[in-house]
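Okay, here's the prediction I keep looking at, along with the sequence it came from:
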Amino acid sequence: MKIERHWWNGDRSARGRRDVYIRTDGLRWEVEAQTGGSAGRSKLHACPSRTSAQILADAWLGGRPEWREVAP
């Protein structure tokens, strides 16, 4: 799966870091919400389309201005 979009909350600490990813293999889409960096916990949801993946990611981001998009 290739990362299409990635956001993080700007907190570099292991406890405070939060990330949201949209990934695709060209056919399937998934959204992952991760807490605590790569060693932390995550939730992964399959989505039927790019649009639904973006809607879910937007919901998880919650309109918080501190979230920054990271170039894939």
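Done, it's in.

OK, contacts around the residue of the chain positioned farthest from its centre?
When distances are taken from the C-alpha mean of the chain, residue 27 lies farthest, 18.2 Å away, according to CA atoms, centre = their mean. Listed by CB atoms under 8 Å, 6 or more residues apart in numbering, residue 27 has no contact partners. From N, CA and C alone the C-beta is placed, and that goes for glycine too.

Ok, the one 3 residues further on next?
The contact partners of residue 30, by CB under 8 Å, 6+ apart, come to 1, 22-24, 44-47, 53.

got a pLDDT number for the residue farthest from the centre of the chain?
Note for residue 27: predicted pLDDT of 94.

Tell me where the model's unsure across this protein.
65, 72 (pLDDT under 70).

what about the most centrally placed residue in it, helix or strand, and which?
With distances taken as CA atoms, centre = their mean, the chain has residue 20 as the residue nearest its mean C-alpha position (1.6 Å). Under DSSP states H and E, the secondary-structure element containing residue 20 is strand 18-24.

Just give me how far the very next helix or strand once past that strand sits from the chain centre.
Proceeding N to C from strand 18-24, the next assigned helix or strand is strand 29-35, under DSSP H and E. Using CA atoms, centre = their mean, to the nearest Å, we find the averaged C-alpha position of strand 29-35 to lie 4 Å away from the chain's own average C-alpha position.

Strand 29-35 relative to strand 18-24, how many degrees between them?
Comparing the axes of strand 29-35 and strand 18-24 via axes from the mean of the first three to the mean of the last three CA atoms, to 10 degrees yields an angle of 170 degrees.

Only the buried residues of strand 29-35, if you could.
With burial defined by 16 or more other CB atoms under 10 Å, the residues of strand 29-35 counted as buried are 29-34.

how about that strand as PDB, C-alpha atoms only?
Taking Å, rounded to 0.1, in the frame of the first residue of the first chain, the C-alpha atoms of strand 29-35 are listed here in PDB:
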ATOM      1  CA  TRP A  29      -8.300   2.200   0.200                       C
ATOM      2  CA  GLU A  30      -7.600   2.300   3.900                       C
ATOM      3  CA  VAL A  31      -7.400   4.900   6.700                       C
ATOM      4  CA  GLU A  32      -5.200   4.500   9.700                       C
ATOM      5  CA  ALA A  33      -5.300   6.600  12.900                       C
ATOM      6  CA  GLN A  34      -2.200   6.000  15.000                       C
ATOM      7  CA  THR A  35      -1.300   7.200  18.500                       C
END
